[in-house]
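Asks: Sequence and predicted structure, then a few things I'm wondering about:
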Amino acid sequence: MERTSLQQFIDRLENTPDLSLNIPFLQAYPEQPAVFSPFPGSVEPSLIDILTESGIQKLYSHQYQAIEQINVGKNVVISTGTSSGKSLCYQIPILSDQIKTGASTALLLFPTKALANDQLAALQHFTHLIAEQKLARSVLPATYDGDTQISLRPTIRESVSILLTNPDMLHLGILPHHTSWQKFFSQLKYVVVDEIHIYRGVFGSHVANVLRRLSRIANFYGSKPQFILTSATVANAQTHAEKLIDAPVELINEDGSPHGKKLFALYNPPIVNQELGVRQGLITTAVQFSELTLQINLQSLLFARSRRSVELIIHELKNLHPNWARYFRSYRSGYLKSDRREIEQGLKDGSIRLTAATNALELGVDIGGVDLVLMAGYPGTVASTRQQSGRAGRKHLPSAAVLIASMNPLDQFLCRHPEYIMEKDPEAVLIDPDNPLILLQQLQCASFELPFRQEDGFGSIDADTLHTFFQVLIAQGVLVANADRYLWMSQDYPANSFSLRSTAARSISLQLEEDNDSRTLGELDYASSLWMTHPGAIYLHEGDPYFVKELDLEKNVALLEASNLSYFTEPIKSQKVAIIQDFNHDEKPAYDLHFSEVEVTTQITGYKKIDWNTREILAIEPLEMPETVLRTYGFWMAIQPATVEKMRQEKMWLSDPNDYGANWEQQRRLARERDHFCCSLCGAPEGEKPLHVHHKIPFKLFTDPGVANQLSNLVTLCSNCHRLVEMNVKIRSAISGLNYSLSHLAPLQVMCDENDLGSYADPAADFADQRPVIMLYDAIPAGMGLAQTLYTHHQTLLNNAADLIDHCACDDGCPSCVGPISETGLGGKKETRYLLTLLSGDSLNA
């Protein structure tokens, strides 16, 4: 394929009116030349010869700096862009040491097996040349994970020089069996932790403790390994690395690698109904862009925000272009290893021209250099946006990235304010290794591996603090204090009792029944199975639909069969919150402030059957799946009755239910008759259930129901289109507007990813005597201290919300302040701002 395909795409983007008129931001970034450095003197000359023979004649400046720091014994973290050659920063010191002494070992940790396999191939290239030239004794790199053959494992344990694995295998299969790895651990010099920006939240907090266990075992065998870490560009690479390994780290972040010319564009799908403000759907738009790239033979990678979106895009493409099916694939978690390797190879050799993927391909798996990255919806963080767009282009080659906006309020805000992506610093990565629940689990594993002495610490945790945890384990009967030691007494294998990546270790096997036989289609984690493979669900795999006959949670199996049904399904989730214990309570004139331990319960209570073609909701089926319970900590405000009454008096309280008036049923019927019992937006006819009737100007703005219910203010919509319209045309109550503002500002205040916090708003909460409540809570079990910080600094958060609203240029609400508004300018900005005034105590008694 000639590279002119990329220019064809750019020409169409810039010069085709249907596309160019919907591009609010387009910018070309110039080529960035490489900044080169010579090889440091610490590198073995024979290794330099091998590198030169392999086409590496000099280093980028950041590679030189990293190797120099490693050579003097410093722990380092290399935080540079995608495809900047971070791997050489650790490969060269490790291989150089193998040639010099041949007496050291190295442990390389990768978050996925795919990354480990990539690095194994690269290392084997170099070690083959080292062996060929007899520069060192046998240098054996090997992967050791769940896929490693049982027969090969003893040889690897005895002979491996460079071990490549993942944190899960280190936790489950290596550290608990450290006596079988005595030789390896006694010579351990380097520990590499790759892609550390992935280690966040629960997963990252667990991994930090696994590394504490690793250091403890290495010290037991007489070694003190040096840590080399790599990261994408994030706000806190150095502090995150130091928290991860519990030791000081030097930061290398001046990227010397070259980058080709890159075009970045924001595309906002066209409005398909001007009156209602409905834009063309994200999936439809993503499919159209995919068709264009396939037509001009442009190799592309399309990132979608969810597994379901990935499958819907591929399903649509298969329906539209069955003859092209061999050129496009989907890629996400849940696929078999063999399928994922096949897709990765197809991307490398160019046989696959388009891959729709979740962020599973955001990591540095070697897929070669695609020409174009499409992002179907804002990925959620600035860091992920840059990481995904960085997958396009290699070295000096040109590339492009297009972010396709959804109807999500934040996406629409970004289209008006692209500087949020282009100029904002990436988010911080947050972990809490000392989270009590996580630490208690990890201390059981550490106690199983080696007894603790009374004076021992665990990383930076002192002996006195550990003693408190050990008393809990003694009370549970798994630990015993014997003289000056704590000894493991249980017959259990603690590493097998929990997963590093989630709160549950269970996975569900997906079995496809066909021709009186069955085969494994893939697997899902337990929590995902409840909403993706519930009974009656349509499960999508590589774009093909499968009907879920049964979900057996006792046997951990979902039974599927091929489906040609005309609908897909969407789960209906409910949420409820209970207060377990109130730790802090501050009663104020306008509201009560609380910091509490809370229980957030989520349940799948039904699912919708949605027509593939019209997107009409055909039916809603009840369902009762097991509840998932998150026990964590929350900061919440309960609005005082006097505050609500004051807002009612000022006609500023819009959370009360509507009474549509005596003539509503008649007007509702007349509107449907006028619109010929069809949806005014998509044309779907009325079925067994009546179509919806929507107020163009929200009902709550009228004092006279008769005026609000005039036919000129009513429009007939199907349930699906009604949902879309309500995203754009709805008036927000003050409580939802404030919840929106606070939930979006809070991550900035506590420097966390938006997914680390959950929010909950209820105009009449049971746990607050039916008062309105806004709650922000830590989104992981036992929390990470976020809600407590928000409680302490809540006034700053409220002040920031007021400042945000006061300085927003919109008239009455938008995605940048209190949430989306309609084309008629209705948003609830003044109601939210008035509520903030009352919460500050300025007007309550006025």
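Replies: Now that the structure is in, tell me what you want to look at.
Asks: And the helices in the stretch 151-300 of the chain?
Replies: Remark: helices assigned in the stretch 151-300 of the chain by DSSP state H, counting those that start in this stretch are 153-159, 167-169, 182-186, 201-220, 237-245, 282-295.
Asks: could you redo those as a markdown table and give each row distance to Ser389 and mean neighbour count?
Replies: All C-beta atoms are positioned from the backbone trio N, CA, C, and that covers glycine. Putting the helices of the stretch 151-300 of the chain into a markdown table (distance: least, C-beta to C-beta, whole Å; neighbours: other C-beta atoms under 10 Å) gives the following:
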| stretch | distance to Ser389 | mean neighbour count |
| --- | --- | --- |
| helix 153-159 | 38 | 14 |
| helix 167-169 | 27 | 22 |
| helix 182-186 | 39 | 17 |
| helix 201-220 | 23 | 22 |
| helix 237-245 | 19 | 22 |
| helix 282-295 | 15 | 20 |
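Asks: Quickly list the domain ranges of this structure.
Replies: For the chain, the structural domains run 4-23+259-422, 36-252, 436-497, 578-601+628-654+731-846, 658-728, going by automatic domain parsing.
Asks: among those domains, which is nearest Lys609?
Replies: For the domains of the chain, proximity to Lys609 was assessed by C-beta to C-beta; domain 658-728 is nearest, at 11.4 Å.
Asks: could you give me the average pLDDT of that closest one?
Replies: Per-region confidence: domain 658-728 scores 82 on mean pLDDT.
Asks: next one: stretch 344-364
Replies: Rounded mean pLDDT across stretch 344-364 is 84.
Asks: Show me what the host helix or strand of Ile99 is packed against.
Replies: Using DSSP states H and E, Ile99 sits in helix 86-100. Contact partners of helix 86-100 among helices and strands, from 3 or more C-beta pairs under 8 Å, 6 or more residues apart in numbering; DSSP states H and E: helix 45-53, helix 61-71, strand 76-79, helix 113-132, strand 188-193, strand 226-231.
Asks: Could you check how far Gly785 is from Thr632?
Replies: In this view, Gly785 and Thr632 are 11 Å apart by C-beta to C-beta, to the nearest Å.
Asks: Have a look at the two and say which one is more surrounded.
Replies: Relative neighbour count places Thr632 above the other of Gly785 and Thr632, with 23 against 16, counting by other C-beta atoms under 10 Å.
Asks: Dump the C-alpha coordinates for the host helix or strand of that one into PDB.
Replies: Using DSSP H and E, Thr632 sits within strand 628-639. The C-alpha trace of strand 628-639 is given here as PDB (Å, rounded to 0.1, in the frame of the first residue of the first chain):
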ATOM      1  CA  THR A 628     -22.800  -6.600  43.400                       C
ATOM      2  CA  VAL A 629     -21.900  -4.800  46.500                       C
ATOM      3  CA  LEU A 630     -19.200  -2.200  46.900                       C
ATOM      4  CA  ARG A 631     -18.300  -1.300  50.500                       C
ATOM      5  CA  THR A 632     -16.300   1.900  50.500                       C
ATOM      6  CA  TYR A 633     -16.300   5.500  51.800                       C
ATOM      7  CA  GLY A 634     -18.400   8.400  50.700                       C
ATOM      8  CA  PHE A 635     -18.600  12.200  51.300                       C
ATOM      9  CA  TRP A 636     -22.200  13.400  51.100                       C
ATOM     10  CA  MET A 637     -24.400  16.400  51.600                       C
ATOM     11  CA  ALA A 638     -28.000  16.300  52.700                       C
ATOM     12  CA  ILE A 639     -29.900  19.500  51.800                       C
END
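Asks: so what does it touch, helix or strand wise?
Replies: In terms of contacts (3+ C-beta pairs under 8 Å, 6+ apart), strand 628-639 is packed against strand 591-611, strand 757-765, strand 771-778, helix 786-792, helix 829-839.
Asks: Paired strands for that strand, with orientation please.
Replies: Using DSSP bridges, the strands paired with strand 628-639 are strand 591-611 (antiparallel), strand 771-778 (antiparallel).
Asks: Measure how buried the closest residue to Asn117 other than its chain neighbours is and give me the count.
Replies: Nearest non-adjacent residue to Asn117, counting by C-beta to C-beta, 6 or more residues apart in numbering: Thr143, 6.5 Å away. Look at Thr143: counted by other C-beta under 10 Å, it has 21 neighbours.
Asks: Which helix or strand lies directly C-terminal to the lowest-mean-pLDDT helix or strand in the chain?
Replies: One helix or strand of the chain scores below all others by mean pLDDT, DSSP states H and E: helix 719-728, with a mean of 62. Using DSSP H and E, the helix or strand that follows helix 719-728 in sequence is helix 734-750.
Asks: how about that following helix: buried residues?
Replies: 734-747, 749-750 (16 or more other C-beta atoms under 10 Å).
Asks: Next: stretch 681-699.
Replies: For stretch 681-699, burial by neighbour count (16+ other C-beta under 10 Å) applies to Leu681, Cys682, Ala684, Leu691, His692, Val693, His694, His695, Ile697, Pro698, Phe699.
Asks: For these, give me TSV that also has distance to Gln649 and secondary structure.
Replies: What follows is the buried residues of stretch 681-699, written out as TSV (distance: C-beta to C-beta, whole Å; DSSP: H, G, I helix; E, B strand; the rest coil):
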residue	distance to Gln649	secondary structure
Leu681	38	coil
Cys682	42	coil
Ala684	43	coil
Leu691	37	coil
His692	32	strand
Val693	31	strand
His694	29	strand
His695	24	strand
Ile697	23	coil
Pro698	20	coil
Phe699	20	helix
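Asks: With distance to Leu88 added, can I get those in a markdown table?
Replies: Formatted as a markdown table, these follow (distance: C-beta to C-beta, whole Å):
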| residue | distance to Leu88 |
| --- | --- |
| Leu681 | 55 |
| Cys682 | 54 |
| Ala684 | 57 |
| Leu691 | 62 |
| His692 | 60 |
| Val693 | 64 |
| His694 | 59 |
| His695 | 63 |
| Ile697 | 63 |
| Pro698 | 60 |
| Phe699 | 64 |
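Asks: what's stretch 442-456 in contact with?
Replies: Outside of stretch 442-456, the residues within contact range by C-beta atoms under 8 Å, 6 or more residues apart in numbering are 171, 175-176, 178, 206, 209-210, 212-213, 216-217, 220, 458, 463, 466-467, 469-470, 473, 478-479, 484-488, 493-495, 497.
Asks: Of those, keep whichever come out buried.
Replies: Buried among the contacts of stretch 442-456 by 16+ other C-beta under 10 Å: 171, 175-176, 178, 206, 209-210, 212-213, 216-217, 458, 466, 469-470, 473, 478-479, 486, 488, 494-495.
Asks: Count the residues that sit near Cys445.
Replies: Residues contacting Cys445 under the criterion other C-beta under 10 Å number 22.
Asks: Identify, out of the helices and strands packed on strand 628-639, the most deeply packed stretch.
Replies: Of all the helices and strands packed on strand 628-639, strand 771-778 has the most neighbours on average by mean count of other C-beta atoms under 10 Å, namely a mean of 25.
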